[in-house]
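K.L.:
Sequence and predicted structure, then a few things I'm wondering about:
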Amino acid sequence: MDLNSETARRRTFAIISHPDAGKTTLTEKLLLYSGAVSRAGSVRPKKAGLHATSDWMAMEQARGISITSTALQFEYGGCLFNLLDTPGHEDFSEDTYRTLTAVDSAVMVLDGAKGIEPQTRKLFQVCCARRIPILTFINKLDHAARDPLELLDEIERVLGIRAAAMNWPIGDGPAFRGVFDLVNRRLLRYSRVSGGRRKAEAWETTIDDPKFAQAIGTDAFGRLQDELALIEAAGERFNRESFLEGSLTPVYFGSALHNFGVETFLQALVTLAPPPQPRETAQGVITPCDAEFSAFVFKIQANMDPRHRDRMAFLRVCSGRFEKDMSVYHTRLGRKIQMTRSHRLFARDRETLTEAFPGDVIGVVNPGLFVIGDTVTAGSPIEFPPIPSFPPENFGLLRNRDVSKSKQFRKGVRQLEEEGVIQLLFTPGGGTREPILAAVGRLQFDVVEARLLQEYGVTVSIDPLSYSCARWLEMQPGDQDRINWPYNGFLRATDRRERCVCLFESQWTMEHFVEKNPGVSIRENGLRNNKSGVSTSLR
């Protein structure tokens, strides 16, 4: 296959939103309309119903929330899509941030009744900082929604980005009948499908069709005409250059649950979402069509397939052609490795992969060779920018309730640490038997408990600790004797690499420690090759 043409047809994007805006539902419906699934699942299925494809963890299915990012590859409209569904809850925001380093565009899902919500704003800021183009889908028009003009104004006022409406809703709630395509000047009427599991029937007509005016009623038709006249006279016009530079977002209205507007949005991803883009490295810019293969690891996931119980490294291909069993240079290890056991990923499902191109997300079974942020290349050694990690804010003492499962306990916590679910800290009294968990969000503790039980058969308990922040100390031999250690509200621990980590009960205690020790070098985090020591908090 030709590298240039294969690269040009790739579209790699993430879907971001506040919890319950309909992100996972939209993901499922994009799969339905692309033909990747024949029947759509749902976040909270009724009895005997299908769960959403991207929510494959037992805890995700039980709670109806996304906990981990998922890669889904599918074809539509001559393009090959790599869709990355991300967690919406702020406690899992670190996984979302890592995933956003691997995409070329993002879809921002808003609830039509709520508009911009806190987590949406935070994730938008991350996309903005990375200059990621954003397409917006305003969802849940099948429920009572705010005025569309008000929603557009809020996007511009709160997010500071111009909003160009690409379609317009015809009513809302029970009266939601379809959308008017502002680009192609056509009306799309839909009929609701029970549960939204199959494609909605759509009828295309024009605004001059008297049958349409009769169907929605004189008042609703008159209001639609007025709104269209206003948006066409004073609304923002779509400009592709502004979209690609991140100063404008095309806005689509619809209902993911009932499949209204989903197909036109998928078509928009074909025409608007950019193909793979050039990327910075420490050695200069590389372009997707450079001949030499390069990629970086942005995620590690253990036990995706219960039959294998292995660890999968997720790599984003940035340049060149990947071929199964090829030999590449591993920058962090400083040596060559062979890329065996490579896979195409579709949520938890996998199939053997023989080749891949820029934009693709590939899974490589990881026998301890990879950590998040690693770079591999078939050419001269390069290194992509480090993936920043967040300072932990929640701490708990992890106890194994079944000493006969000590081996499984150690294996489980080690693999969860490699994934970035938590960080492990150790005290002289607790050691590896009772490590301290450090996490960005408290829900991560629930994930640890559930996964250790479900995946490793280990029952644990987590006792919350009162500390609220941690700092890594960079010290030379003998420095500990010269440090003014606090007497209260403080705990000294070490991490997996035996570096000194200080836990503080309050920001004041930490700042007082810094003030009393001006010569001590302190970092917010010590993981994932974060050379700058700077972390970006989404909380």
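P.N.:
On my side now, so go ahead. Numbers count the residues shown, from 1 in each chain.
K.L.:
hang on, isn't residue 434 packed against residue 403?
P.N.:
No. Here residue 434 does not reach residue 403: they are 11.6 Å apart, not a contact under CB atoms under 8 Å. C-beta: built from backbone N, CA, C; applies to glycine.
K.L.:
Mind checking which of those two has more residues around it?
P.N.:
A count of neighbours by other CB atoms under 10 Å puts residue 434 above the other of residue 434 and residue 403, at 14 against 8.
K.L.:
residues in contact with the more buried one?
P.N.:
397, 398, 399, 400 (CB atoms under 8 Å, 6 or more residues apart in numbering).
K.L.:
go on, residue 471?
P.N.:
391, 501, 502, 504, 510, 513, 522, 523, 524.
K.L.:
Tell me the buried residues within the residues you listed.
P.N.:
Neighbour counting with 16 or more other CB atoms under 10 Å marks 391, 501, 502, 504, 510, 513, 523, 524 as buried within these.
K.L.:
quick one: which of those is nearest residue 82?
P.N.:
Among the buried ones among the contacts of residue 471, residue 391 lies closest to residue 82 (CB to CB), at 30.1 Å.
K.L.:
Just give me the neighbour total for residue 92.
P.N.:
25.
K.L.:
Look up phi and psi at the residue nearest to residue 118 when sequence neighbours are not counted.
P.N.:
Counting by CB to CB, 6 or more residues apart in numbering, residue 18 is the residue found nearest to residue 118 once chain neighbours are left out, at 6.7 Å. As for residue 18, its main-chain torsions (degrees, to the nearest 10) stand at phi -70, psi 150.
K.L.:
can you offset everything so residue one is 98?
P.N.:
Will do, 98 is the new start, and the previous item becomes residue 115.
K.L.:
thought residue 115 was touching residue 219?
P.N.:
No. The pair residue 115 and residue 219 does not pass the contact test of CB under 8 Å, sitting 9.2 Å apart.
K.L.:
Show me which of these two is the more surrounded one.
P.N.:
Set residue 115 next to residue 219 and count neighbours by other CB under 10 Å: residue 115 wins out with 23 against 19.
K.L.:
what's the distance between that one and residue 284?
P.N.:
31 Å (CB to CB, to the nearest Å).
K.L.:
State the mean pLDDT of stretch 102-112.
P.N.:
In this model, stretch 102-112 carries a mean pLDDT of 97.
K.L.:
What about the spatially closest residue to residue 334 that is not a sequence neighbour, how many residues nearby?
P.N.:
The shortest distance from residue 334 to any non-neighbouring residue, by CB to CB, 6+ apart, is to residue 261 (6.2 Å). Residue 261 has 19 neighbouring residues, counting by other CB under 10 Å.
K.L.:
returning to what we had before: just the buried ones from the contacts of residue 531?
P.N.:
Buried among the contacts of residue 531 (16+ other CB under 10 Å): 495, 497.
K.L.:
The contacts of residue 531 in helices, which ones?
P.N.:
Among those, no member falls in helices (DSSP state H).
K.L.:
closest to residue 469 among the contacts of residue 531?
P.N.:
Among the contacts of residue 531, and counting by CB to CB, the member closest to residue 469 is residue 495, at 21.2 Å.
K.L.:
got the contact list for that closest one?
P.N.:
By CB under 8 Å, 6+ apart, residue 495 lies in contact with 510, 531, 532, 533, 534, 545, 557, 558, 559.
K.L.:
farthest-separated two in the contacts of residue 568?
P.N.:
Greatest spacing in the contacts of residue 568, by CB to CB: 488 and 610 (14.9 Å).
K.L.:
List the buried residues in the top helix by length along the chain.
P.N.:
Determined from DSSP H, the single longest helix within the chain is helix 315-331. For helix 315-331, the neighbour count (16+ other CB under 10 Å) marks 318, 321, 324, 325, 328 as buried.
K.L.:
Tabulate the residues you listed (a markdown table), appending pLDDT.
P.N.:
Converted to a markdown table, the buried residues of helix 315-331 look like this (pLDDT from 0 to 100):
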| residue | pLDDT |
| --- | --- |
| 318 | 84 |
| 321 | 87 |
| 324 | 91 |
| 325 | 90 |
| 328 | 91 |
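K.L.:
Between these, which sits nearest residue 183?
P.N.:
Closest approach between the buried residues of helix 315-331 and residue 183, by CB to CB: residue 328, at 30.6 Å.
K.L.:
give me the beta-bridge partners of the closest residue to the closest one other than its chain neighbours?
P.N.:
Residue nearest to residue 328 in three dimensions, not counting chain neighbours: residue 262, with 5.7 Å by CB to CB, 6+ apart. Legend: beta-bridge partners of residue 262 under DSSP bridges are residue 348.
K.L.:
What distance do you get for residue 262 to residue 231?
P.N.:
For residue 262, the distance to residue 231 (CB to CB) stands at 15 Å.
K.L.:
what about those two, which has more around it?
P.N.:
Taking other CB under 10 Å, residue 262 and residue 231 do not tie; residue 262 has more neighbours (27 against 24).
K.L.:
what are the ranges of the strands in the stretch 498-636 of the chain?
P.N.:
Applying DSSP state E, counting those that start in this stretch to the stretch 498-636 of the chain gives strands spanning 520-522, 533-536, 557-561, 566-571, 587-591, 597-601, 618-620.
K.L.:
Output the fourth one as CSV, nothing but the C-alphas.
P.N.:
Spelled out, it's strand 566-571. Listed next in CSV are the C-alpha coordinates belonging to strand 566-571 (Å, rounded to 0.1, in the frame of the first residue of the first chain):
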residue,chain,number,x,y,z
CYS,A,566,-0.5,16.5,48.2
ALA,A,567,2.9,14.9,47.5
ARG,A,568,6.3,16.1,46.4
TRP,A,569,9.3,14.3,45.1
LEU,A,570,12.7,15.4,46.6
GLU,A,571,15.9,15.3,44.5
